[in-house]
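Student: Model the following, please.
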Amino acid sequence: MNFLDLLKGAEILAQSGNPQVTGVEYDSRKVKPGDVFVAMKGDSSDGNRFIEQAIAAGAVAVVTDSNCKPGVAWARVSHGRPALAVVSANFYQHPAEKLAVTGITGTNGKSTTAFLLESILRAAGRESALLGTIEYHVAGKVLSAPHTTPEALELQRLFRRELEAGGTEVVMEVSSHALAQERTFGIPFDVSIFTNLTRDHLDYHRSMDEYFSAKRILFSGQGNRGPRVSVINVDDEYGMKLKKFCTGAGSEVITYGLSGADFHVSKMEITLRGTRFQLITPDDSVAIVSPLIGRVNVYNILAACAAAYARACPIETIANGIANLSRVPGRFERVDGGQPFTVVVDYAHTDDALRNLSSLAREFVNQDGGRVITLFGCGGDRDRSKRPLMGEAAGQGSDFVVLTSDNPRSEDPLAIINDAVVGLQRSGVKYDIEPDRRSAIRTAIAAAQPKDIVLLAGKGHERVQIVGNTSIPFEDRRVATEVLRDLGYDGKGVEKGA
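Tutor: Numbering: from 1, shown residues only. Sure, this is the predicted structure:
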């Protein structure tokens, strides 16, 4: 491919040269001879500082959003990120246009909804990729997930791999950061799903209105048309706003909610063994039985069912796909060593998610007379204002709380804890502070009595703890299993069911 072909569709301000190119990179450390280097300004760094290193590594052309003229072929663009997206799509021959892409956005529920939809598509006999927070599933392989939504170049590379392996569908989580940073620029989403919007990421977006505006991009289109179908949770106040917006934009809208929506439920029953209800659709109804538990998962199931319906999956296949998914890593995942109380690992890391998690636990312990014990921490280098809200939510829903570290990153763990403890104190709950997460997990589990539920919240599927600039191997599930074993419970380890 030559340089001019690679640039087709990009907004070029000036350009010089037309060499043959063999690859695209935006990280100068990965540049190989024959590559085009895309130099763009980011939130915390500027790739234009590394143009000379890229050329020294063999780059034959540079795409830049800076006013410079490198000593090789070059093109100057207004904005680097859309240019990267266009160049990447051109290089990989526009694989997204040959795949049916479903994007899922919202504060909570994206990962579970993605796993559920993938399971339905599998039941329908379709080959699909999954890209999200927990892991990537591409071309039959499970890959680690460095980002919820990859950068544009990686996205196009993964799309191409899935297409060449015979895939026809992609299910992907689309974060607000990715939308604001135009990582999904130019992708033609067939179906877009909105789960909900609660306080999160305000260190980045500054306000709820700005946060919502970023999410809305998935439904308005970015460098391409908007989605053919928009699937929207109308039990959420922002979902109602989005419904009005999508209707005005000409997208087909499918709503879901517990009642009064296109997809809703009747005869709902939730136990520790699973969830069952009658799914009501615009055309039919079917019995849904899922190993996943909790009202929040009813919403996730509804979202996945509505999206599968938009993708023309039969109603019986939808029910089978829901039943087939036994667990989602780190989402209300039970750790079972044969102990007479329940231990659960969950990713809840916002005040709303903690409220939902402890509310679900409360439903179950009220039946048996047990207590809710919650362990949580707050992430460092993130929105400080949500920390006391998380503390208050955890305290209000629990009988005992252990406040610890999550991923402190560059912040002092004790400073983070001091922010959160204000909310705990407002709730009046009994609590303990233990900055060391391993010791904190031991404290929480050791405090449990028969029929109690211990909630280990915040990290879920994560396999590391980020302290400073270092990622230390750490898994809540593994540590909980070790603690249970030390306490004399050496049964099954991490349970495979939900």
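
Student: tell me the contacts of Ala152?
Tutor: 81, 84-85, 88-89, 182-185 (CB atoms under 8 Å, 6 or more residues apart in numbering). No exception for glycine: its C-beta is placed from N, CA and C like everyone else's.

Student: Please spell out the ChimeraX selection for the buried subset of these.
Tutor: Restricted to buried positions by 16 or more other CB atoms under 10 Å, the ChimeraX selection for the contacts of Ala152 reads:
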select :81,84,85,88,89,182,183,184,185
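
Student: tell me which of the contacts of Ala152 is nearest to Val63?
Tutor: Nearest to Val63 among these: Leu84, at 7.6 Å, using CB to CB.

Student: Secondary structure element for the closest one, which one?
Tutor: Assigned by DSSP states H and E, Leu84 falls within helix 80-91.

Student: what does Arg160 give?
Tutor: With DSSP H and E as criterion, Arg160 is part of helix 152-164.

Student: and after that helix, which helix or strand comes next?
Tutor: strand 169-173.

Student: secondary structure class for Asp432?
Tutor: The three-state label given to Asp432 by DSSP: H, G, I helix; E, B strand; the rest coil is strand.

Student: Run a quick neighbour tally on the closest residue in space to it that isn't next to it in sequence.
Tutor: What sits nearest to Asp432 in space, not counting adjacent residues and going by CB to CB, 6 or more residues apart in numbering, is Val402, at 5.1 Å. Neighbour count for Val402, taken as other CB atoms under 10 Å: 27.

Student: wait, doesn't Val402 sit right on Thr443?
Tutor: Yes - judged on CB atoms under 8 Å, Val402 makes contact with Thr443 at a distance of 5.3 Å.

Student: after the one helix or strand Tyr299 maps to, next one along is what?
Tutor: Using DSSP H and E, Tyr299 maps to helix 295-310. Per DSSP H and E, the first helix or strand lying C-terminal to helix 295-310 is helix 315-324.

Student: packing partners for that following helix?
Tutor: helix 110-123, strand 285-290, helix 295-310 (3 or more CB pairs under 8 Å, 6 or more residues apart in numbering; DSSP states H and E).

Student: relative orientation of the first one and helix 295-310 in degrees?
Tutor: So that's helix 110-123. Between helix 110-123 and helix 295-310, the angle comes out at 40 degrees (axes from the mean of the first three to the mean of the last three CA atoms, to 10 degrees).

Student: other SSEs contacting helix 110-123?
Tutor: Checked by 3+ CB pairs under 8 Å, 6+ apart, helix 110-123 has strand 100-105, strand 128-131, strand 169-173, helix 295-310, helix 315-324 packed alongside it.

Student: angle of that helix against strand 169-173?
Tutor: Using the same axes, to 10 degrees: helix 110-123 against strand 169-173 is 170 degrees.

Student: what does helix 110-123 rub up against?
Tutor: Under CB under 8 Å, 6+ apart, the answer for helix 110-123 is 102, 104, 128, 130, 132-134, 137, 148, 169, 171-173, 193, 195, 292, 297, 300-301, 303-305, 307-308, 311, 313, 317-318, 320-322, 324-325, 328, 331, 347.

Student: same thing with the shortest one?
Tutor: The list of residues contacting strand 285-290 from outside it, by CB under 8 Å, 6+ apart, reads 265-266, 274-279, 297, 301, 305, 315-316, 318-319, 322-323, 325.

Student: residue ranges with poor pLDDT in this protein?
Tutor: Along the chain, segments meeting pLDDT under 70 span 199-206, 492-498.

Student: where exactly do the strands run in the stretch 251-400 of the chain?
Tutor: Using DSSP state E, counting those that start in this stretch, the strands of the stretch 251-400 of the chain run over 252-256, 264-271, 274-280, 285-290, 333-336, 342-346, 372-376, 400-403.

Student: now those in a markdown table, with distance to Gly34?
Tutor: Converted to a markdown table, those look like this (distance: least, CB to CB, whole Å):
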| stretch | distance to Gly34 |
| --- | --- |
| strand 252-256 | 44 |
| strand 264-271 | 55 |
| strand 274-280 | 53 |
| strand 285-290 | 50 |
| strand 333-336 | 46 |
| strand 342-346 | 46 |
| strand 372-376 | 50 |
| strand 400-403 | 53 |
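
Student: any idea which of those strands is most buried?
Tutor: Here the criterion is mean neighbour count by mean count of other CB atoms under 10 Å, and of the strands of the stretch 251-400 of the chain the winner is strand 372-376, at a mean of 28.

Student: now the helix holding Arg160 and helix 80-91, what's the angle there?
Tutor: 20 degrees.

Student: Pull out the buried positions in helix 152-164.
Tutor: So helix 152-164, judged by 16+ other CB under 10 Å, has buried residues 152-163.

Student: Look up how far Phe189 lies from Asn233.
Tutor: Applying CB to CB, to the nearest Å, the value for Asn233 to Phe189 is 17 Å.

Student: can you count the residues close to Met1?
Tutor: By other CB under 10 Å, 14 other residues sit near Met1.

Student: Which residue comes closest to it once chain neighbours are left out?
Tutor: Met1 sits nearest to Val21 (CB to CB, 6+ apart), 5.8 Å away.

Student: can you give me phi and psi for that neighbour?
Tutor: Val21 has phi and psi values of phi -120, psi 150 when expressed as degrees, to the nearest 10.

Student: so it makes contact with Gly34?
Tutor: Yes - between Val21 and Gly34 there is a contact at 6.2 Å, judged by CB under 8 Å.

Student: higher neighbour count, the two?
Tutor: Legend: neighbour count by other CB under 10 Å for Val21 and Gly34, higher for Val21 (21 against 14).

Student: residues in contact with the more buried one?
Tutor: Contacts of Val21 (CB under 8 Å, 6+ apart): 1-3, 6, 34-36, 60-61, 91.

Student: how close does it sit to Val36?
Tutor: The spacing between Val21 and Val36, counted by CB to CB, is 5 Å.

Student: What of Asp336?
Tutor: 52 Å.

Student: ok, now Asp419?
Tutor: Taking CB to CB, one finds Asp419 at 45 Å from Val36.
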